[in-house]
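Trainee: Please work out how this folds:
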Amino acid sequence: MIYKPPILFVSMKKWNGGKRGRKGEAMKEDEETKPHFNLFAVEKFAELMRKRLVENAYKGAWDDLELSFLYRRLTRKMDDLRDEIGGTQIPLFTDRHAADVANYAMIIADVIRAKRKK
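Mentor: Numbering: from 1, shown residues only. Here you go, the predicted model:
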């Protein structure tokens, strides 16, 4: 049996501190619990991110990489994703390009977090 997590429901009152809805209007009762995001999609994407990291593990650790280098790699991967989506053919590697973009963003955040601790 395949595990499929439920869609996560977030109380909108908790989400916005029990204040007003969007644009300041009072919230309707049926807006109190709405699906916030699909946890299954998040887990599948995180799995793909991990897979792409493992595939590229031969490149070594990122701890000592310069932020400028990482940013250039991120923008190159974003260009790949844009080209894939904007093309006239059916996208074949969109999920891989999206995971690469997410991984470079995560790596940049990790490097910055490590620098703050020093």
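Trainee: quick one: which helix or strand includes Arg116?
Mentor: helix 94-117 (DSSP states H and E).
Trainee: how deep is the residue lying closest to Thr94 once chain neighbours are set aside tucked in, by neighbour count?
Mentor: Distance criterion C-beta to C-beta, 6 or more residues apart in numbering; nearest residue to Thr94, sequence neighbours excluded, is Glu84 at 5.2 Å. Every residue, glycine included, has its C-beta placed from N, CA and C. Burial of Glu84 is recorded as 17 neighbouring residues (other C-beta atoms under 10 Å).
Trainee: mean confidence score for the helix or strand harbouring Glu84?
Mentor: For Glu84, the host element (DSSP H and E) is helix 67-86. Average pLDDT, helix 67-86: 93.
Trainee: Pull out the buried positions in it.
Mentor: Using 16 or more other C-beta atoms under 10 Å as the test for burial, helix 67-86 gives 70, 73-74, 77-78, 80-81, 84.
Trainee: export it as CSV, just CAs?
Mentor: Taking Å, rounded to 0.1, in the frame of the first residue of the first chain, the C-alpha atoms of helix 67-86 are listed here in CSV:
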residue,chain,number,x,y,z
LEU,A,67,28.1,32.7,-2.5
SER,A,68,28.8,34.4,-5.8
PHE,A,69,29.5,31.0,-7.4
LEU,A,70,26.4,29.4,-5.9
TYR,A,71,24.3,32.3,-7.0
ARG,A,72,25.6,32.0,-10.6
ARG,A,73,24.7,28.3,-10.5
LEU,A,74,21.3,29.1,-9.1
THR,A,75,20.6,31.5,-11.9
ARG,A,76,21.8,29.1,-14.5
LYS,A,77,19.5,26.4,-13.2
MET,A,78,16.6,29.0,-13.2
ASP,A,79,17.4,29.7,-16.8
ASP,A,80,17.3,26.0,-17.6
LEU,A,81,13.9,25.8,-15.9
ARG,A,82,12.6,28.9,-17.7
ASP,A,83,13.8,27.5,-21.1
GLU,A,84,12.2,24.2,-20.4
ILE,A,85,8.8,25.7,-19.5
GLY,A,86,8.9,28.3,-22.3
